[in-house]
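K.L.:
from the sequence below, what's the structure:
(4 chains)
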Protein chains: 2
Amino acid sequence: MNIGQIAAQTGLPAKTIRYYEEIALIQPARDANGYRVFADTDAHKLTFLGRARALGFSIEECRKLLALYEDTSRASSDVKALAQEHLADIEDKIRQLEEMRATLSELINACAGDNRPDCPILTGLSRT
Amino acid sequence: MNIGQIAAQTGLPAKTIRYYEEIALIQPARDANGYRVFADTDAHKLTFLGRARALGFSIEECRKLLALYEDTSRASSDVKALAQEHLADIEDKIRQLEEMRATLSELINACAGDNRPDCPILTGLSRT
DNA sequence: CCTTGACCTTCCAGTCACTGGAACCTTTAT
DNA sequence: ATAAAGGTTCCAGTGACTGGAAGGTCAAGG
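P.N.:
Below you'll find the predicted structure:
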């Protein structure tokens, strides 16, 4: 399989796949003409990576997950610990965004949004 | 006021303040020795920027907000529109993170987290 | 007067995870 | 023979800083 086919199959852009090779997440073989040749195991890894990235795991977390994925003698507790850490990160981010949303909503609700210059959003941002 | 004092006052790192000058968000004066000299208006702008950034506005959004802040003949509707767009962005992000959280929580709950290698998290990430 | 330390300056490189584009080679179809 | 569609590498840019090096300035103490 060439990179275009694997890209279509995994939903990852070819550029991204090349990048994943560059940072050694995958090691596809090469054809005589220099083209990358992707085996099924590469396809599986890329699918795995795509899913993990979609769940917000960083590249380095993906690298660890991939190592666990390939280590058939892993302990599921190691995987779970990694996932739980990441879940905590996500929950932190949600909390932060919810705080922003709350403050911003208040400011927006207080603003008339008409032709006049008075604006509680601006005064809210500059208050001392 | 020198950069250290303004940093302490606004809570922004000196590095960040220099960066804001570099991208022309502020234009502090210079002393004979080359040191930046911050007037009250600079301090106000930086406070404003700090708050806007804390609410998640991008630098370019901050630039627009700052222009509105300085334009006393603005219409509050312009400010409100900008803030509403940003609020929509925040809400999108929250939704995305909540989706991640839901999926990840399910996987985590399904995982025994013991010494055995079987792991629904890994199989969930690689399922076809 | 000299030194020490805290402060300031500029400039360059690195972060993260790609993404765009240039310049070029290979394959396939007409 | 040629053109289109695919592949290759390499370099630069994104956003918003952040770290560090190399050096200038200033206030206080001996």
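K.L.:
which helix or strand contains the residue in chain A that DNA strand D sits nearest to?
P.N.:
For chain A, the residue closest to DNA strand D is A:Gly4, as judged by CB to the nearest atom of the strand, at 2.5 Å. In short, each C-beta sits where N, CA and C put it, glycine included. Taking DSSP states H and E as the criterion, A:Gly4 maps to helix A:3-10.
K.L.:
report all helices and strands that that helix contacts.
P.N.:
helix A:14-22, helix A:40-54 (3 or more CB pairs under 8 Å, 6 or more residues apart in numbering or on different chains; DSSP states H and E).
K.L.:
what is the subsequent helix or strand relative to the longest helix along chain A?
P.N.:
What stands out as the longest helix in chain A, according to DSSP state H, is helix A:76-110. Remark: after helix A:76-110, the chain's next helix or strand is helix A:120-126, criterion DSSP H and E.
K.L.:
helices and strands around that following helix, which ones?
P.N.:
On a contact count with 3+ CB pairs under 8 Å, 6+ apart, helix A:120-126 meets helix A:76-110, helix B:40-54, helix B:59-70, helix B:76-110.
K.L.:
for DNA strand C, find the nearest of those.
P.N.:
In terms of CB to the nearest atom of the strand, the element of the helices and strands packed on helix A:120-126 nearest to DNA strand C is helix A:76-110, at 11.0 Å.
K.L.:
going by neighbour count, which residues in the closest one are buried?
P.N.:
Buried residues in helix A:76-110, counted by 16 or more other CB atoms under 10 Å in any protein chain shown: A:76, A:78-80, A:82-84, A:86-87, A:89-90, A:93-94, A:96-97, A:100-101, A:104, A:107-108.
K.L.:
what residues does chain A have near DNA strand C?
P.N.:
Counting by CB under 7 Å from any atom of the strand, the residues of chain A close to DNA strand C are A:Pro13, A:Lys15, A:Thr16, A:Tyr19, A:Ala32, A:Asn33, A:Gly34, A:Arg53, A:Ser58, A:Ile59, A:Glu60.
K.L.:
just the buried ones from these, in ChimeraX syntax?
P.N.:
To isolate the buried members of the residues of chain A next to DNA strand C in ChimeraX, using 16+ other CB under 10 Å:
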select /A:16,53
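K.L.:
and the closest residue to A:Glu21 other than its chain neighbours, what does it touch?
P.N.:
Spatially, and ignoring its direct neighbours in sequence, A:Glu21 is nearest to A:Pro28 (6.2 Å; CB to CB, 6 or more residues apart in numbering or on different chains). Listed by CB atoms under 8 Å, 6 or more residues apart in numbering or on different chains, the contact set of A:Pro28 reads A:Glu21, A:Arg36, A:Val37, A:Phe38, A:Ala39, A:Asp42.
K.L.:
next, count neighbours for the nearest residue to A:Tyr69 once chain neighbours are set aside.
P.N.:
Using CB to CB, 6+ apart and skipping the chain neighbours, the partner closest in space to A:Tyr69 is B:Leu122 (5.1 Å). Residues near B:Leu122, counting by other CB atoms under 10 Å in any protein chain shown, number 23.
K.L.:
so B:Leu122 touches A:Leu82, yeah?
P.N.:
No: here B:Leu122 lies out of contact with A:Leu82, judged by CB atoms under 8 Å, at a distance of 10.5 Å.
K.L.:
what residues do these two have in common as contacts?
P.N.:
A:Leu65, A:Leu68.
K.L.:
show me what from chain A comes close to DNA strand D.
P.N.:
Near DNA strand D, when you scan chain A using CB under 7 Å from any atom of the strand, you find A:Asn2, A:Ile3, A:Gly4, A:Gln5, A:Ala7, A:Ala14, A:Arg18, A:Gly34, A:Tyr35, A:Arg36.
K.L.:
can you redo these as a markdown table with pLDDT?
P.N.:
Putting the residues of chain A next to DNA strand D into a markdown table (pLDDT from 0 to 100) gives the following:
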| residue | pLDDT |
| --- | --- |
| A:Asn2 | 96 |
| A:Ile3 | 97 |
| A:Gly4 | 96 |
| A:Gln5 | 97 |
| A:Ala7 | 97 |
| A:Ala14 | 97 |
| A:Arg18 | 97 |
| A:Gly34 | 95 |
| A:Tyr35 | 97 |
| A:Arg36 | 98 |
